[in-house]
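**Q** just need the structure, nothing else, for what follows:
(chains A, B, C and D)
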Protein chains: 2
Amino acid sequence: MRYREPMNSDIPSVWARPKKGRDQPALSREQIVGEAIKLLDTEGLDALSMRNLGKRLDAGATSLYRHVANKDELIELAIDEVHGEIEVPSPDTTEWRAGVVSCAHSSLAMINNHPWVASVLGQIGLSYLGPNVMRMSDGMLALFEKGGFSLAESDLALRAVQAFVIGSGVGVAAWQTSLARSGLSDEQWAERIQPIVMAAVAPYPRLTASIEAAAANTPEVMFDHGLNAVLDGLVANRH
Amino acid sequence: MRYREPMNSDIPSVWARPKKGRDQPALSREQIVGEAIKLLDTEGLDALSMRNLGKRLDAGATSLYRHVANKDELIELAIDEVHGEIEVPSPDTTEWRAGVVSCAHSSLAMINNHPWVASVLGQIGLSYLGPNVMRMSDGMLALFEKGGFSLAESDLALRAVQAFVIGSGVGVAAWQTSLARSGLSDEQWAERIQPIVMAAVAPYPRLTASIEAAAANTPEVMFDHGLNAVLDGLVANRH
DNA sequence: GCAGTGTGCGTACAGTGTGCGCATCGACGG
DNA sequence: CCGTCGATGCGCACACTGTACGCACACTGC
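**A** This is a model prediction of the structure:
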């Protein structure tokens, strides 16, 4: 339980003491993780410090350690928590391929909402052990098996799709961080770096031409094209 | 230029002064980036601090800022530098698909040698603007065009393959960081976490079965299977 | 009423990125 | 040969980080 009015004998009157406990619920692991996610979403990875997070919860930095072993574990918990947002359709109600596509879209949407996930996946070991990640993997596996993939093939298919989704996610994360640091709007930032990109590719006429040829492709189109290719290829290699 | 024997009037004799300048070449951007990469490779991302890096170069931490704007820029330079290790075959001497496969392998090998790359790609904005990354992208583009892909299709294909490779790279990075933190050997660590994984998947019989069915697959097999699927799918969608 | 346990937090320590200003170098112009 | 100048190295300082430690308090069970 959180103290509503901690004793502080320096201040003579009880009523004069600052109240820290603003009628919020007591500190709990769920609340800490939830607020950490909010902080990460709104202010980015760099802004997540224990003191900062403590302030948002009207708590001291070191209080958080009663509920979380260390910062890395907190991030691991946050990663798993946001994986809970991913919707994976049941193979009973959805055709397998539509289900996989829908789940992949849901995954990318999650990374779009929480771009910090993609940038910490590599530095936090073994995050795929979290219960929500497990639930998602199991759900996709069910879809592949419904699709006629063998056990071993399903495992390979799952890994291929996840690799593609995460790779795409790293791309959106890179864009989002650069965007956030610029402080500009999406369009403004795109307009600003467009000439920089063109200057960087200038020595490579082939690259320049291909970028111009594909300029109309939105990120969604590119993601769907890649995802379709992966699934087509997996189907082609299914026995 | 670096001073071999900086003045220090507190120490009376010239000969008693500590010599800092150990006959190493003077500080330069290339040398700093090179040593940073060595440090990242051997001690990991957390160990890269300006003071730490300065020590290795027999230089003060703040001296580095004469050659590099800030730590993020240093990492950006390091990212591009290691991309120089990726070999991309010429379409003149290599069949397009073999070339793409070879380049993908080379990319994954690079990430294996420098796992920190995969974990910072998301937090460092726009790293694909570096000259070495550009060179590699242009090289792969040439292969795809040789393979009969149109300009726009080549761009999509390139992005799909890169997403898959990076996603796979994040996976190996996650493994490598957890491995490095454990301090154990590869086999020891694998053996240690095996029961943990089995316990985590226990509630999901399907997941358990598929992991067991695919237990014999090495990471290389999994990567190749995914890569083949991606390429097969891209070919199938080529017009 | 009292011991035990769980929880919050003030303090402290070692370490971080980096701005500032000074010291010193090599090069160049007289 | 001397003076000036720009480039470079670096000590210091500041605000900030993760987190170990120990004390103070509230709640629980007797």
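**Q** give me the below-cutoff pLDDT ranges for chain A.
**A** The model of chain A has pLDDT under 70 over residues A:1-25.
**Q** show me where it has its helices.
**A** Applying DSSP state H to chain A gives helices spanning A:29-43, A:50-56, A:71-83, A:96-113, A:116-120, A:131-146, A:151-182, A:186-201, A:205-213, A:219-236.
**Q** in CSV: those, plus distance to residue B:220 and mean neighbour count.
**A** Just so you know, the C-beta spots here come from the backbone N, C-alpha and C atoms, and that holds for glycine as well. Formatted as CSV, these follow (distance: least, Cβ to Cβ, whole Å; neighbours: other Cβ atoms under 10 Å in any protein chain shown):
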stretch, distance to residue B:220, mean neighbour count
helix A:29-43, 34, 17
helix A:50-56, 40, 16
helix A:71-83, 27, 20
helix A:96-113, 24, 19
helix A:116-120, 24, 26
helix A:131-146, 21, 21
helix A:151-182, 12, 23
helix A:186-201, 33, 13
helix A:205-213, 30, 17
helix A:219-236, 18, 20
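**Q** can you redo those as CSV with distance to residue B:79?
**A** Listed next are those as CSV, based on distance: least, Cβ to Cβ, whole Å:
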stretch, distance to residue B:79
helix A:29-43, 23
helix A:50-56, 28
helix A:71-83, 22
helix A:96-113, 20
helix A:116-120, 13
helix A:131-146, 27
helix A:151-182, 11
helix A:186-201, 14
helix A:205-213, 18
helix A:219-236, 22
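**Q** got CSV for those helices, with distance to DNA strand D too?
**A** What follows is these, written out as CSV (distance: least, Cβ to the nearest atom of the strand, whole Å):
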stretch, distance to DNA strand D
helix A:29-43, 10
helix A:50-56, 4
helix A:71-83, 3
helix A:96-113, 22
helix A:116-120, 13
helix A:131-146, 22
helix A:151-182, 17
helix A:186-201, 24
helix A:205-213, 32
helix A:219-236, 31
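**Q** wait, which of these is closest to residue B:63?
**A** Residue B:63 sits nearest to helix A:151-182 of all these, at 25.9 Å, using Cβ to Cβ.
**Q** who touches the nearest residue to residue A:178 once chain neighbours are set aside in this structure?
**A** Distance criterion Cβ to Cβ, 6 or more residues apart in numbering or on different chains; nearest residue to residue A:178, sequence neighbours excluded, is residue B:125 at 2.5 Å. Residue B:125 makes contacts with A:174-175, A:177-179, A:181, as judged by Cβ atoms under 8 Å, 6 or more residues apart in numbering or on different chains.
**Q** state the distance from residue B:125 to residue A:234.
**A** 32 Å (Cβ to Cβ, to the nearest Å).
**Q** tell me the contacts of residue A:111?
**A** Residues counted as contacts of residue A:111 (Cβ under 8 Å, 6+ apart) are A:117-118, A:169, A:172-173.
**Q** now, among those residues, which is nearest to chain B?
**A** residue A:173 (3.7 Å; Cβ to the nearest Cβ).
**Q** hmm, the closest one is touching residue A:118, no?
**A** Yes - in this structure, residue A:173 is within contact of residue A:118 by Cβ atoms under 8 Å, at 3.7 Å.
**Q** please identify every residue contacting each of the two.
**A** A:111, B:122.
**Q** got phi/psi on residue A:216?
**A** The phi/psi pair for residue A:216 (degrees, to the nearest 10) reads phi -80, psi -10.
**Q** quick check: the gap between it and DNA strand D.
**A** 42 Å (Cβ to the nearest atom of the strand, to the nearest Å).
**Q** just checking, residue A:64 touches residue A:55?
**A** No - judged on Cβ under 8 Å, residue A:64 makes no contact with residue A:55 at a distance of 11.0 Å.
**Q** show the contacting residues for residue A:110.
**A** So residue A:110 contacts A:82-83, A:85-86, A:117 (Cβ under 8 Å, 6+ apart).
**Q** and those as CSV, adding distance to residue A:142?
**A** CSV is the format used below for the contacts of residue A:110 (distance: Cβ to Cβ, whole Å):
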residue, distance to residue A:142
A:82, 22
A:83, 17
A:85, 19
A:86, 14
A:117, 23
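**Q** pop the domain breakdown of chain A in here.
**A** A:1-68, A:86-236 (automatic domain parsing).
**Q** quick one, which of the ones you listed gets closest to DNA strand C.
**A** The minimum distance between DNA strand C and the domains of chain A falls on domain A:1-68, with 3.0 Å, by Cβ to the nearest atom of the strand.
**Q** ok so, going back, adding distance to residue B:150, write the domains of chain A out as JSON lines.
**A** Converted to JSON lines, the domains of chain A look like this (distance: least, Cβ to Cβ, whole Å):
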{"stretch": "domain A:1-68", "distance to residue B:150": "38"}
{"stretch": "domain A:86-236", "distance to residue B:150": "7"}
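**Q** got those domains as JSON lines, with distance to DNA strand C columns?
**A** Shown next, in JSON lines, are the domains of chain A (distance: least, Cβ to the nearest atom of the strand, whole Å):
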{"stretch": "domain A:1-68", "distance to DNA strand C": "3"}
{"stretch": "domain A:86-236", "distance to DNA strand C": "12"}
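**Q** do you know which of the ones you listed lies nearest residue B:227?
**A** domain A:86-236 (8.4 Å).
**Q** okay, how far is it across that closest one, tip to tip?
**A** Using Cα to Cα, to the nearest Å, the end-to-end distance of domain A:86-236 comes to 27 Å.
**Q** any figure for the gap between the residue nearest to residue A:188 when sequence neighbours are not counted and residue A:189?
**A** Once flanking residues are discounted, residue A:188 sits nearest to residue A:182: 8.0 Å by Cβ to Cβ, 6+ apart. Between residue A:182 and residue A:189 the computed distance is 5 Å (Cβ to Cβ).
**Q** what does residue A:173 give?
**A** Distance, residue A:173 to residue A:189, using Cβ to Cβ: 15 Å.
**Q** what's near enough to touch the closest residue to residue A:49 other than its chain neighbours?
**A** Counting by Cβ to Cβ, 6+ apart, residue A:49 lies nearest to residue A:61, which is 7.8 Å off, once chain neighbours are set aside. If you count contacts by Cβ under 8 Å, 6+ apart, residue A:61 has them with A:49-51, A:53-54.
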